[in-house]
Structure formats: C-alpha cells, structure tokens
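In: sharing a model prediction with you, sequence too.
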Amino acid sequence: MFVRASILQSSGDAVRIPNQALVIRGIYAHVFIEKSPGDFYLQRVKLIKRGVDFSFVGEGLTGKESVVTKGALLLNAELGAHSGDK
C-alpha cells in the first residue's frame, strides 16, 4: 500500500477554500470577497497547493473575509459583461 503526501509549508498559515470559489484569469487565481451585502470585489490570491476539492491560499486572504464560495464564476461572467470584456 502506498500513499501520496505533500507538505504545504514548513511553517506559517494558509486559508483553505473550496476550488469552486476560485476564479482563474490567465496565470493568476482570484476570489470574490463580499465587502457588504451585494458589494463584491475581486481579490488576487497566491495558492500554495491546489487539491481536488480544496485549495490552500498563502497570500491574499487572512481568513476573516467573506469569500464567495458558490456562484463565483457566474459573478465573474456578470462582471465581464458589464465591463465590456468578454
């Protein structure tokens, strides 16, 4: 029996988010953060590790933000439609 394991980092913190919260634009990963009800902004994040269902963010999130976990791609499409960038 074998197991595949990887060490995320030797020390420090990471924020675990579901992959469906990620919006990939080119080579960069982003998430939508809710500032207030109905008011969102796109935050660039640096991924430490991307798994099958969850990813670990090393930079760009503190863990205290309200991250959009469902509908992030729809929100991104709406943002692109309103900015004229499809």
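Out: Right, received. Where do you want to start?
In: show me what the longest strand along the chain pairs with in its sheet, parallel or antiparallel.
Out: What stands out as the longest strand in the chain, according to DSSP state E, is strand 39-50. Strand 39-50 sits in its sheet next to strand 28-36 (antiparallel), strand 54-59 (antiparallel), going by DSSP bridges.
In: export those to JSON lines and tack on mean pLDDT and mean neighbour count?
Out: Yep, even glycine has a C-beta here, placed from its N, CA and C like the rest. Shown next, in JSON lines, are these (pLDDT from 0 to 100; neighbours: other Cβ atoms under 10 Å):
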{"stretch": "strand 28-36", "mean pLDDT": "94", "mean neighbour count": "16"}
{"stretch": "strand 54-59", "mean pLDDT": "93", "mean neighbour count": "17"}
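In: from the chain's centre, how far out does stretch 24-41 sit?
Out: Centre-to-centre, stretch 24-41 and its host chain are 8 Å apart (Cα atoms, centre = their mean, to the nearest Å).
In: can you tell me what sits against it?
Out: 17, 21-23, 42-47, 55, 57, 60-61, 65-68, 72, 75-76 (Cβ atoms under 8 Å, 6 or more residues apart in numbering).
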